[in-house]
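> okay, predicted coordinates and the sequence, questions at the end:
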Amino acid sequence: MKTAIRNKTRTETRSTARVDEQIYKVGIAVVGVSSLAIGVWATIALVSGMVASGGPGALVADWFRAVIGS
C-alpha cells in the first residue's frame, strides 16, 4: 500500500506600515517649510523697510516715531 504524503507550505508576509510615523515626518516637514517661508518674508520686509526709510538708522528712528505717535 502506498501512502501519499502531503506537505503544506504556508507563506505569510506581514507589512505593518507605521502611519503615525509618516504623519509626524510630514508634519515636521510642513512646519519647517512654513518657518522658512516666514523667515524669508520677514527678511524681505525688513530690507524693504530699510530701503524705503533710507537706511538702518532711519528705520529705527521712523519706528520710534511710529510707536510714540509723533
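Yep, that arrived. Since this is a predicted model, take the numbers as computed values, not measurements. Numbers count the residues shown, from 1 in each chain.
> on the three-state scheme, residue 5 is what?
Secondary structure, DSSP: H, G, I helix; E, B strand; the rest coil: residue 5 is coil.
> tell me the phi and psi of it?
phi -110, psi 130 (degrees, to the nearest 10).
> can you report how many residues lie near it?
5 (other CB atoms under 10 Å). Where you see a C-beta, it was placed from the backbone N, CA and C, and this is true even at glycine.
> any idea how far it lies from residue 52?
90 Å (CB to CB, to the nearest Å).
> and the next element down the chain from the lengthiest helix in the chain?
With secondary structure taken from DSSP state H, the chain has its longest helix at helix 19-53. Per DSSP states H and E, the first helix or strand lying C-terminal to helix 19-53 is helix 56-68.
> that following helix vs helix 19-53, what angle?
100 degrees (axes from the mean of the first three to the mean of the last three CA atoms, to 10 degrees).
> flag the shaky bits of the chain, pLDDT-wise.
Regions of the chain meeting the criterion pLDDT under 70 cover residues 1, 15-17.
> apply 80 and report the result again.
1-8, 10-17, 70 (pLDDT under 80).
> who are the contact partners of residue 7?
By CB atoms under 8 Å, 6 or more residues apart in numbering, the contact set of residue 7 is empty.
> and it, what are its phi and psi?
With angles defined as degrees, to the nearest 10, residue 7 sits at phi -110, psi 120.
> distance check, it against residue 70.
Distance from residue 7 to residue 70, by CB to CB: 95 Å.
> returning to what we had before: and the longest helix of the chain, what does it pack against?
Contact partners of helix 19-53 among helices and strands, from 3 or more CB pairs under 8 Å, 6 or more residues apart in numbering; DSSP states H and E: helix 56-68.
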